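Engineer: Okay, predicted coordinates and the sequence, questions at the end:
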Amino acid sequence: MMYYYVEARESDGGRYLEYVAAKRAKKILKGVGKGSVIERKTLGKKLKLSVLSGLPLFLILGMLVGYILMGLYLYDAFPSSEWKVFVALFALGVKVVGNKGLLLVVEKAKPRPWLVDAFLFFYEFGTSLMCRILQMSIPDERTAQLVSLASCVVEIAVRILFYVLFLRKGLKVDAWDDKKQREYAAAGVLRVKDSSNDMIVEYLSTIVAALFLLELEPTGMFKFTSNGNISSSVIFSLVAYQLLPEIFLDIYVTFMEIFGGLSALHNTCWSFKSGSKPSSHHFWDRQGDLLKAVILKLCTTICIVCVVLIVVMKDEEAVEEEEVGEVG
């Protein structure tokens, strides 16, 4: 019976298939025109939404490339430890300011929640990785340890500041209507996602930066900022100075957010069921926002690692000159 139905429809010169395709296109684009005609205004809104959703990604990519190139150039401009400390702290300040700018862009663009999560991770991991490489490459061990502790305190202080600003924004509202409640809830979700990504990237970027300096730089194929002058024991101590205080401070700030009114948002952001549509026929629609964000984060981690390695990779002539110099 079904075969006869399809065969009869195919005999109409494919018009039925065209009708089905037009109907599906209209449903996807949510057109409001007559028949299968999509109103130009509706299509323009969808196009604008698509462009705005992809804008943070291009912004992050451009900033990361410039951030890495400029950071490496400035770091090697002068040999003194004071200058290297200044560049490392300056890179940290640029990272914090850029994070605030990205939050404003994402808040205006309003992409899907799992895209917001991935965008924030993309930026945070790229900039944090560069900061860790610069901090671990400071020649003086004691100075490098102090800079690592200072950067940890600064990042936690900024996280607390953003949380306090979020609370103050809610206290300034005199009368809550449905629109204001939705906007404030969206800002709360953005705050939780940003703070969660801050925690993850601090551990991940520290470990990846240590692996770069321990395993890749001694090969002579990559030019990081330490020039192979830092021993493995120093790198391990810097990792400990960075991660151990980070663990306790992250626990403190996370519980402060949970008991300060964001417990429901934390549960939502860390739930694999949040954002899923179990009754959907599409596989990805049945998955939650967290799984989609995790997959994108894995892809962006690989992408950032490849970008950094490409930037710091030495050309063949430089490698040959170094080999000749060592032989001579």
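Structural biologist: That came in fine, so what should we check first?

Engineer: need the strands for this structure, in chain order.
Structural biologist: Remark: no strands are assigned in the chain by DSSP state E.

Engineer: for it, what helix or strand is lowest in average pLDDT?
Structural biologist: The helix or strand of the chain with the lowest confidence, counting by mean pLDDT, DSSP states H and E, is helix 2-10 at a mean of 40.

Engineer: and Ala150, what does it touch?
Structural biologist: Leu89 (Cβ atoms under 8 Å, 6 or more residues apart in numbering). Just so you know, the C-beta spots here come from the backbone N, C-alpha and C atoms, and that holds for glycine as well.

Engineer: That one and Thr143: what is the separation?
Structural biologist: Ala150 is 10 Å from Thr143, where distance means Cβ to Cβ, to the nearest Å.

Engineer: Ala264 too?
Structural biologist: 43 Å.

Engineer: Could you check which of these two has the larger neighbour count?
Structural biologist: Set side by side, Ala264 and Thr143 show unequal neighbour counts under other Cβ atoms under 10 Å, the larger going to Thr143 at 16 against 12.

Engineer: can you pull the contacts of that one?
Structural biologist: Contacts of Thr143 (Cβ under 8 Å, 6+ apart): 81, 85.

Engineer: Apply 6 Å and report the result again.
Structural biologist: Residues in contact with Thr143 (Cβ atoms under 6 Å, 6 or more residues apart in numbering) are Ser81.

Engineer: What of Val116?
Structural biologist: Val106.

Engineer: repeat that for 8 Å
Structural biologist: Neighbours of Val116 in contact, by Cβ under 8 Å, 6+ apart: 106, 189-190, 193.

Engineer: which of the residues you listed sit farthest apart?
Structural biologist: Val106 and Val189 (10.9 Å; Cβ to Cβ).

Engineer: okay, the two: which has more neighbours?
Structural biologist: Neighbour totals were compared for Val106 and Val189, and Val106 leads with 23 against 18 (other Cβ under 10 Å).

Engineer: Please report how far that one lies from Leu190.
Structural biologist: Taking Cβ to Cβ, one finds Val106 at 7 Å from Leu190.

Engineer: Over to Tyr123?
Structural biologist: Taking Cβ to Cβ, one finds Tyr123 at 13 Å from Leu190.

Engineer: Name the nearest of the contacts of Val116 relative to Glu155.
Structural biologist: Taking the contacts of Val116 together and measuring to Glu155 by Cβ to Cβ, the closest member is Lys193, at 16.1 Å.

Engineer: burial of the closest residue to that closest one other than its chain neighbours, as a residue count?
Structural biologist: Using Cβ to Cβ, 6 or more residues apart in numbering and skipping residues adjacent in sequence, the residue nearest Lys193 is Asp117, 5.0 Å away. Neighbour count for Asp117, taken as other Cβ under 10 Å: 26.

Engineer: Go ahead and confirm Leu309 touches Lys223.
Structural biologist: No: contact criterion Cβ atoms under 8 Å: Leu309 and Lys223 do not qualify, at 10.9 Å.

Engineer: Let's see the pLDDT reported for Leu204.
Structural biologist: For Leu204, the model assigns a pLDDT of 92.

Engineer: Tally up the residues packed near the closest residue to it other than its chain neighbours, please.
Structural biologist: Sequence neighbours aside, Phe125 is the residue nearest to Leu204 in space, at 6.4 Å (criterion: Cβ to Cβ, 6+ apart). By the criterion of other Cβ under 10 Å, Phe125 has 24 neighbours.
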